[in-house]
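K.L.:
Sequence and predicted model, in that order:
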Amino acid sequence: MLKGKRILLGVSGGIAAYKSVEIVSRLRKQGAEVDVVMTKSATEFVSPLTFRSISARPVYTNMFEEPKSWNIEHISLAEQADLVIVAPATANILAKMALGIADDFLSTVLLAVRVPIYVAPAMNHAMYHHPATQRNLETLRERGISFIGPANGFQACGTEGDGRMCEPIEIVTELTRFFSEKQFLKGQKVLVTAGGTREPLDPVRYIGNFSSGKMGYAVARAFVEAGAAVTLVSAPADLPVPQGVKMIRVITAEDMYREVLSVYQEQDIVVKAAAVADYRPAVFAGQKIKKKGENLTLELTPNPDILLALGQKKEHQFLVGFAAETQHAVENGSEKLRKKNADMLVVNDVTAPGAGFGTDTNIVSFLFPDGSRKDLPQMNKIEVARELVKEIALLKKVK
Ligand code: PMT
């Protein structure tokens with residue numbers, strides 16, 4: 001199952017470190033090569049020799065010891081890995097990851113990694129529920145780090161609660177699932193739009209909206225994880241470019257229309273998460289509009305409806321729209337799905353707490369042309385995106 005895969009296991013200093021030896025053993029039995037990086041505290045619990053014997057590879061513990069090969073080891077390890085798992089992940093290493101601290105071998109590798117990272121938290125339940133830890137976990141989730149556990153149960157300190165590391169078999173099952181599911185959209189070309197368009201009024205002002213781009217960028221990232229070739233057409237958004245996407249930056253709805261239409265023919269899937277202005281100022285004032293102390297009336301003219309145009313020109317593409325609603329979300333969303341000839345529509349009530357613009361979470365319903373729908377609970381945007389990608393993959397097979 002994992003033949004040819006290279007997995008980097010980070011072991012931090014918790015009593016569950018002894019269980020990670022079994023993780024290495026199970027991964028190897030499935031054909032993976034496992035590089036182990038231990039923190040100094042981890043070596044207090046389990047000897048590097050144990051991991052070296054089980055992984056049959058050098059174990060990395062110290063930035064400054066004699067290198068095992070002549071390259072910059074923490075960078076080359078990060079570059080060679082197909083996947084990273086930190087197990088056990090203590091409160092300390094999770095905090096360092098959240099803050100980007102790189103003060104030992106493991107935290108430095110983790111900062112250089114560009115492949116998916118899984119963590120299996122393990123700590124006392126009070127530490128787990130501490131607001132600082134919860135905040136760090138939230139930051140990591142937001143960044144797309146995947147969590148396995150923690151489980152609830154008896155803890156080494158003699159108490160019970162959340163914070164136990166999941167069993168090695170559960171961790172390995174999850175990692176195996178990643179590789180089996182990972183490439184389910186390999187070879188598919190996907191176009192995602194994100195962000196909020198800006199419609200200039202004069203050289204210093206524009207009409208815009210509250211879209212941060214978080215939802216659309218998460219969708220782009222989830223498609224990359226699924227192996228698709230992703231083009232992201234983004235209106236202004238103050239977010240890092242997701243790894244592996246082809247980025248096209250636009251400002252206005254008309255720019256977005258042009259760019260999207262120019263690459264539409266070659267796409268297999270299109271997801272329109274961008275918040276596109278329906279109107280733009282009818283006239284662009286070449287100079288800054290002066291304040292006159294009176295009411296100012298702006299004339300607006302309609303922008304092209306990109307989703308509608310895509311629906312009209314649709315051939316083989318699977319077309320997904322979003323709908324930002326403030327009332328009667330499902331009814332209005334269903335109307336948009338029908339009118340715009342989409343294959344699926346993701347509706348969010350942007351007035352609901354934890355949903356819509358700027359938030360890290362969203363609450364959405366998937367609407368389908370046969371009138372059925374699937375309601376998702378409040379989830380992180382990357383989790384919503386992953387659900388969406390899975391749903392699209394499923395529907396495309398039956399389409
Ligand atoms: O970016 P975030 O801060 O994370 O916020 C996420 C979001 C709220 C922007 C996102 O979840 C969302 O709802 N995106 C769609 C916003 C929107 O424009 O909705 P709408 O109901 O006005 O448009 C319906 C669909 O038509 C959308 O797919 C939109 O991209 C498309 N459209 C709209 C107008 C237009 N002129 N052209 C279009 O293609």
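P.N.:
Yes, it's here. Residues are numbered from 1 along each chain as shown.
K.L.:
Tell me what the residue lying closest to H125 once chain neighbours are set aside is bridged to.
P.N.:
Counting by Cβ to Cβ, 6 or more residues apart in numbering, G161 is the residue found nearest to H125 once chain neighbours are left out, at 2.9 Å. Placement of C-beta: from N, CA and C, glycine included. When bridges are called by DSSP bridges, G161 pairs up with G153.
K.L.:
And for G161, the neighbour number?
P.N.:
Applying other Cβ atoms under 10 Å, we find 16 other residues in the vicinity of G161.
K.L.:
OK, contacts around it?
P.N.:
If you count contacts by Cβ atoms under 8 Å, 6 or more residues apart in numbering, G161 has them with 124-126, 128-129, 152, 155.
K.L.:
Lowest-confidence entry in the residues you listed?
P.N.:
In terms of pLDDT, the least confident member of the contacts of G161 is Q155, at 79.
K.L.:
picking that back up, narrow the contacts of G161 to those in helices?
P.N.:
Within these, residues falling in helices by DSSP state H are 125-126, 128-129.
K.L.:
which of these sit farthest apart?
P.N.:
Pairwise distances among the ones in helices among the contacts of G161 were taken by Cβ to Cβ; the largest, 7.2 Å, belongs to A126 and Y128.
K.L.:
between those two, which one's more packed in?
P.N.:
Neighbour tally, A126 and Y128, criterion other Cβ under 10 Å: the higher count belongs to Y128, 20 against 14.
K.L.:
ok, that one touching M165?
P.N.:
No: Y128 is beyond contact range of M165, at 11.2 Å (criterion: Cβ atoms under 8 Å).
K.L.:
list residues touching both of those two?
P.N.:
Shared contacts of Y128 and M165 (Cβ under 8 Å, 6+ apart): 121, 150.
K.L.:
rewinding a little: need the contacts of G161 in a markdown table with distance to the ligand, can you?
P.N.:
A markdown table is the format used below for the contacts of G161 (distance: Cβ to the nearest ligand atom, whole Å):
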| residue | distance to the ligand |
| --- | --- |
| N124 | 35 |
| H125 | 33 |
| A126 | 34 |
| Y128 | 28 |
| H129 | 28 |
| N152 | 32 |
| Q155 | 37 |
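K.L.:
List only buried entries from those.
P.N.:
Buried members of the contacts of G161, scored by 16 or more other Cβ atoms under 10 Å, are 124-125, 128, 155.
K.L.:
I7: which of those is nearest?
P.N.:
When the buried ones among the contacts of G161 are compared for distance to I7 (Cβ to Cβ), Y128 comes out closest, at 25.1 Å.
K.L.:
Setting aside sequence neighbours, what's the nearest residue to that closest one?
P.N.:
G163 (4.0 Å).
K.L.:
number of nearby residues for that neighbour?
P.N.:
Around G163 there are 27 residues (other Cβ under 10 Å).
K.L.:
And the pLDDT for it?
P.N.:
For G163, the pLDDT comes out at 92.
K.L.:
thinking it is in contact with M127, fair?
P.N.:
Yes: taking Cβ under 8 Å as the contact criterion, G163 and M127 are neighbours in contact, 6.9 Å apart.
K.L.:
which secondary element of this structure has the worst mean pLDDT?
P.N.:
Of the helices and strands making up the chain, the lowest-confidence element is helix 73-80, at a mean of 81, by mean pLDDT, DSSP states H and E.
K.L.:
same for that helix, what does it pack against?
P.N.:
Secondary-structure packing of helix 73-80 (3 or more Cβ pairs under 8 Å, 6 or more residues apart in numbering; DSSP states H and E): strand 6-11, strand 33-38, strand 59-60, helix 105-112.
K.L.:
Report the angle between that helix and helix 105-112.
P.N.:
Angular relation of helix 73-80 and helix 105-112 on a 0 to 180 degree scale: 50 degrees, by axes from the mean of the first three to the mean of the last three Cα atoms, to 10 degrees.
K.L.:
among the contacts of G161, which two are most distant?
P.N.:
Greatest spacing in the contacts of G161, by Cβ to Cβ: A126 and N152 (13.7 Å).
K.L.:
Contacts for the strand or helix carrying V21 next, please.
P.N.:
Taking DSSP states H and E as the criterion, V21 maps to helix 17-29. Counting by Cβ under 8 Å, 6+ apart, the neighbours of helix 17-29 from elsewhere in the structure are 2, 7, 9, 11, 34, 36, 38, 42, 45-46, 50-51, 54-56, 85, 87-88, 165, 167-169, 171-172, 175.
K.L.:
again, 7 Å this time
P.N.:
Helix 17-29 is contacted by residues 2, 7, 9, 11, 34, 36, 42, 45-46, 50-51, 54-55, 87-88, 165, 168-169, 171-172 when judged by Cβ atoms under 7 Å, 6 or more residues apart in numbering.
K.L.:
cool, stretch 201-218 as well?
P.N.:
Outside stretch 201-218, the residues within contact range by Cβ under 7 Å, 6+ apart are 192-196, 198-200, 234, 237, 239, 242, 273-275, 277, 281, 285, 287-289, 357-358, 360, 362, 381-382, 384-385.
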